[in-house]
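Colleague: No sequence on hand, only this structure:
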């Protein structure tokens, strides 16, 4: 039951998530401002998606919430792959919980974290849909990303050549990021 509930944010369509968080961030009717005002964290409602200095962080929080279940499932799978005998041996040798975490758990889930991180970077880098629904790239250009900018140039401004150039450049940047990851992974496999 808990695993099924944890996966819900990742399984929801991006448009639904964007609309839900847009309502949460709303300065007039949003629940986040109500909670923060009730707890006296803020004195007045914060225009989360209308303030250029805060809008990008609000979207980052939304995308983090959306991606959390993926990391949770991946880390759980990695943790289940670590043999219990390693923890038992470390405990017998007198290793503290922190040393077991640093020397057994982290190395045991290191490749899982790297793979999940790479996938999430690619997904977030390509997630123009959440940004488009929440802010449309605004206020001003505060939440513009390369995929969103390419979309706006190609589809709304009808400048297909410029939009395509941005998209291809972005693809090459992500390809370079993946190549660095693969080179690092191949070096670890050869050891």
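Modeller: Great, that's in hand. Treat the numbers as computed from the prediction; the structure is a model and nothing was measured. Numbers count the residues shown, from 1 in each chain.

Colleague: can we go C-alpha only for contacts and neighbour counts from here?
Modeller: Noted.

Colleague: Nearest residue to residue 18 in space, ignoring adjacent ones along the chain?
Modeller: Take residue 18 and drop its neighbours on the chain: the residue closest to it by CA to CA, 6 or more residues apart in numbering is residue 130, 5.1 Å away.

Colleague: Give me the domain ranges for the protein.
Modeller: Structural domains of the chain, as assigned by automatic domain parsing, span the residue ranges 8-144, 145-191.

Colleague: Can I get these in TSV including distance to residue 2, mean neighbour count and mean pLDDT?
Modeller: Compiled in TSV, the domains of the chain are given as follows (distance: least, CA to CA, whole Å; neighbours: other CA atoms under 10 Å; pLDDT from 0 to 100):
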stretch	distance to residue 2	mean neighbour count	mean pLDDT
domain 8-144	10	16	91
domain 145-191	32	15	87
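
Colleague: Would you reformat the ones you listed as a markdown table and include distance to residue 1?
Modeller: Putting the domains of the chain into a markdown table (distance: least, CA to CA, whole Å) gives the following:
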| stretch | distance to residue 1 |
| --- | --- |
| domain 8-144 | 11 |
| domain 145-191 | 35 |
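
Colleague: how close does residue 1 sit to residue 82?
Modeller: Spatial separation of residue 1 from residue 82 under the definition CA to CA, to the nearest Å is 24 Å.

Colleague: next one: residue 93
Modeller: 18 Å.

Colleague: In the chain, spot the helix with the most residues.
Modeller: The helix spanning the most residues in the chain, taking DSSP state H as the definition, is helix 160-190.

Colleague: Which other helices and strands does that helix contact?
Modeller: Contacts of helix 160-190 with other secondary structure elements, assessed using 3 or more CA pairs under 8 Å, 6 or more residues apart in numbering; DSSP states H and E, are made with helix 106-125, helix 146-151.

Colleague: among these, which is nearest residue 184?
Modeller: With CA to CA as the criterion, residue 184 lies closest to helix 106-125 of the helices and strands packed on helix 160-190, at 10.2 Å.

Colleague: quick one: secondary structure of residue 51?
Modeller: Judged by DSSP: H, G, I helix; E, B strand; the rest coil, the three-state class of residue 51 is coil.

Colleague: is it true that it touches residue 138?
Modeller: No - the pair residue 51 / residue 138 is not scored as a contact, 9.0 Å apart, by CA atoms under 8 Å.

Colleague: Residue 148 is in contact with residue 132, isn't it?
Modeller: Yes - A contact is recorded between residue 148 and residue 132 when judged using CA under 8 Å, the distance being 7.1 Å.

Colleague: Which secondary structure elements does whatever helix or strand residue 19 lives in sit against?
Modeller: Using DSSP states H and E, residue 19 maps to helix 14-25. Helix 14-25 is packed against helix 31-38, helix 55-80, helix 128-134, with contacts defined by 3+ CA pairs under 8 Å, 6+ apart.

Colleague: between it and helix 55-80, what angle do the directions make?
Modeller: For helix 14-25 against helix 55-80, the angle by axes from the mean of the first three to the mean of the last three CA atoms, to 10 degrees is 120 degrees.
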